[in-house]
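> Here you go, sequence then predicted model.
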Amino acid sequence: MIMSTLSEAYQDHPLHPHHVIPLDFDSVRALPDTHVWPPASHALESDDRLSIPTVDLTDPDAGKLVGQACEAWGAFQVTNHAIPLDLLREVESEARRLFSLPTEQKLKALRSPGGATGYGLARISPFFNKYMWHEGFTIMGSSIDHARDLWPNDYQRFCDAMEDYQKRMKELAITLMHLILKSLDISEEERTRVVSAGGASTALQLNSYPFCPDPNRAMGLAPHTDTSLLTILHQSTVNGLQIFKDGVGWVLVSPTNGSLVVNVGDLLHVLSNAQFPNVLHRVVLKENQQRLSLAYFYCLPSDFHISPLAPLNPTRMPLFRSVSVRDYIGIKAKNLEKALSLIRF
Ligand SMILES: C=C1C[C@]23C[C@H]1CC[C@H]2[C@@]12CCC[C@@](C)(C(=O)O1)[C@H]2[C@@H]3C(=O)O
Ligand SMILES: O=C(O)CCC(=O)C(=O)O
Ligand SMILES: [Fe+2]
């Protein structure tokens, strides 16, 4: 058996159960002190000057526009991405069905302390002294084992929807990766080496930010960067996602019907030799209702060695030393946002 999956890389870094088990959101009437955060610094409302670019994937200039967006923002929205709206709705509705289950039922699919998949708090929880107002469900490949625990007689439609979604997302991720690496002037051979490795290592994260009795004092998802090459995000109609832009501050990313948000993750930041920022983002609770999102992480297998790719005409010295994805995950599990500086020359 090839041991280079992401779940295997995360097994080496077990979490304490209190950093896995979510609150019983059904029973709380007031925000517990354990979940009170200092006021989140104010975010700009998105207007035309201050929102991430939107790229129409059928635009003949899409490659150039995607490259520019990655460099300026580390994020963009895509339209005409070929993911059927019906599929987005179906997966969202299955996610809603999951998070609507009674707490005791959801706990039957609890992520194990050393595990990577199932129901639980965000993996970054141990780095913060307050808990986030968040519950997640992580899928890597088949979701059948956990789905059976949740719905012994009715798990198939959940699994089918998740499988279909991961397949379509992988195709989109491959298209985007080729466009992005082409914009960096990476040879076709090198692009194919990276992109074909990427397909073997992905994750789908269903996120729920339950209705909150005191949204202004709670935090949905604390500021973080994704460990992926890129993340493709679908958000329900509820606001809350913000990205941080240097020199500007927190910028709201409003959901627009059918478009998908693409984030540059740590791995692509390294491959691009820091030309693309790995975008810092967070979720605040803006509206008085439950919010859902679906995050698809396109990663590299844990035995892949990441280092800056050489463009056809190299001009800059590599900023990072070569490190396996497994080792990078290990460094990040102990240091979170300092991980990248630890692999810089
Ligand atoms: C493939 C991934 C990416 C993970 C870990 C693993 C599965 C779950 C992902 C998330 C999802 C929620 C935010 C995050 C920061 C978290 O806590 O868990 C992500 C993390 C990462 O991007 O590092
Ligand atoms: O819920 C969102 O909009 C963002 C989720 C996210 O950042 C993640 O899953 O990594
Ligand atoms: Fe994220």
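That came in fine, so what should we check first? Ligands and ions are numbered 1, 2, ... in the order given.
> now the strands: where do they sit in this protein?
54-56, 75-79, 118-120, 135-139, 202-209, 221-224, 230-235, 241-245, 249-252, 260-264, 281-283, 291-298, 305-306, 323-324 (DSSP state E).
> now the ones you listed in a markdown table, with mean pLDDT and distance to I21?
Yep, even glycine has a C-beta here, placed from its N, CA and C like the rest. Listed next are the strands of the chain as a markdown table, based on pLDDT from 0 to 100; distance: least, CB to CB, whole Å:
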| stretch | mean pLDDT | distance to I21 |
| --- | --- | --- |
| strand 54-56 | 98 | 38 |
| strand 75-79 | 98 | 31 |
| strand 118-120 | 98 | 7 |
| strand 135-139 | 98 | 10 |
| strand 202-209 | 98 | 15 |
| strand 221-224 | 98 | 17 |
| strand 230-235 | 98 | 25 |
| strand 241-245 | 96 | 25 |
| strand 249-252 | 92 | 29 |
| strand 260-264 | 98 | 27 |
| strand 281-283 | 97 | 20 |
| strand 291-298 | 98 | 20 |
| strand 305-306 | 97 | 32 |
| strand 323-324 | 98 | 31 |
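> A30: which of those is closest?
Counting by CB to CB, A30 lies closest to strand 202-209 out of the strands of the chain; the figure is 17.3 Å.
> Just give the number of residues close to the spatially closest residue to S51 that is not a sequence neighbour.
Excluding its sequence neighbours, the residue lying closest to S51 (CB to CB, 6 or more residues apart in numbering) is V251, at 6.6 Å. V251 sits with 21 neighbouring residues when counted by other CB atoms under 10 Å.
> burial count for Y296?
Neighbours of Y296 (other CB under 10 Å): 24.
> Assess the claim that it and T202 are in contact.
Yes. Assessed by CB atoms under 8 Å, Y296 is found in contact with T202 at 6.8 Å.
> which neighbours do those two share?
166, 169, 173 (CB atoms under 8 Å, 6 or more residues apart in numbering).
> And for the nearest residue to A40 once chain neighbours are set aside, the neighbour number?
Leaving aside its sequence neighbours, A40 sits nearest to V284 (CB to CB, 6+ apart; 5.1 Å). If you count neighbours by other CB under 10 Å, V284 ends up with 22.
> same deal with I52?
21.
> my guess is it contacts S254, does it?
No. I52 lies out of contact with S254 (CB under 8 Å); the separation is 10.1 Å.
> Adding distance to K108, write the strands of the chain out as TSV.
Shown next, in TSV, are these (distance: least, CB to CB, whole Å):
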stretch	distance to K108
strand 54-56	40
strand 75-79	36
strand 118-120	8
strand 135-139	12
strand 202-209	16
strand 221-224	24
strand 230-235	26
strand 241-245	30
strand 249-252	36
strand 260-264	31
strand 281-283	26
strand 291-298	21
strand 305-306	36
strand 323-324	34
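> so which of those strands comes closest to P38?
Nearest to P38, of those and by CB to CB, is strand 221-224 at 11.6 Å.
> near ligand 2, anything from the lengthiest helix in the chain?
Longest helix of the chain, by residue count under DSSP state H: helix 156-183. No. Taking CB under 6 Å from any ligand atom as the criterion, helix 156-183 and ligand 2 are apart, separated by no less than 13.3 Å.
> and of the strands of the chain, who's closest to D86?
Short answer: strand 230-235, nearest of these by CB to CB, at 12.9 Å.
> got a list of contacts for that closest one?
88, 91-92, 169, 172-173, 176-177, 180, 241, 253, 255, 260-265, 268, 291-298.
> what do you get for stretch 56-67?
By CB under 8 Å, 6+ apart, stretch 56-67 touches 53, 55, 76, 78-82, 175-176, 179-180, 182-184.
> try stretch 310-321
If you take CB under 8 Å, 6+ apart as the criterion, stretch 310-321 is touched by 184-187, 190, 270, 273-274, 306-308, 340, 343-345.
> List the contacts of the residue nearest to D246 when sequence neighbours are not counted.
Excluding the flanking residues, the one nearest D246 by CB to CB, 6+ apart is P277, at 7.5 Å. Contact analysis of P277 by CB under 8 Å, 6+ apart lists 73-74, 246, 264, 269.
> What parts of the stretch 151-300 of the chain come near ligand 1?
With CB under 6 Å from any ligand atom as the criterion, the stretch 151-300 of the chain meets ligand 1 at residues 203, 205, 224, 226-228, 295, 297, 299.
> What about the residues you listed, which one has the most neighbours?
C299 (28 neighbours).
> gap between it and ligand 2?
12 Å (CB to the nearest ligand atom, to the nearest Å).
> which phi and psi does that residue have?
Per-residue torsions, C299: phi -120, psi -170 (degrees, to the nearest 10).
> The nearest residue to Q275 once chain neighbours are set aside: neighbouring residues, count only.
Leaving aside its sequence neighbours, Q275 sits nearest to E71 (CB to CB, 6+ apart; 6.0 Å). Applying other CB under 10 Å, we find 15 residues neighbouring E71.
> Kindly report the same for the one 5 residues further on.
By other CB under 10 Å, 25 other residues sit near F76.
> Could you pull up the residues touching the residue nearest to it when sequence neighbours are not counted?
Once flanking residues are discounted, F76 sits nearest to A69: 3.7 Å by CB to CB, 6+ apart. Residues in contact with A69 (CB under 8 Å, 6+ apart) are 52-53, 55, 75-76.
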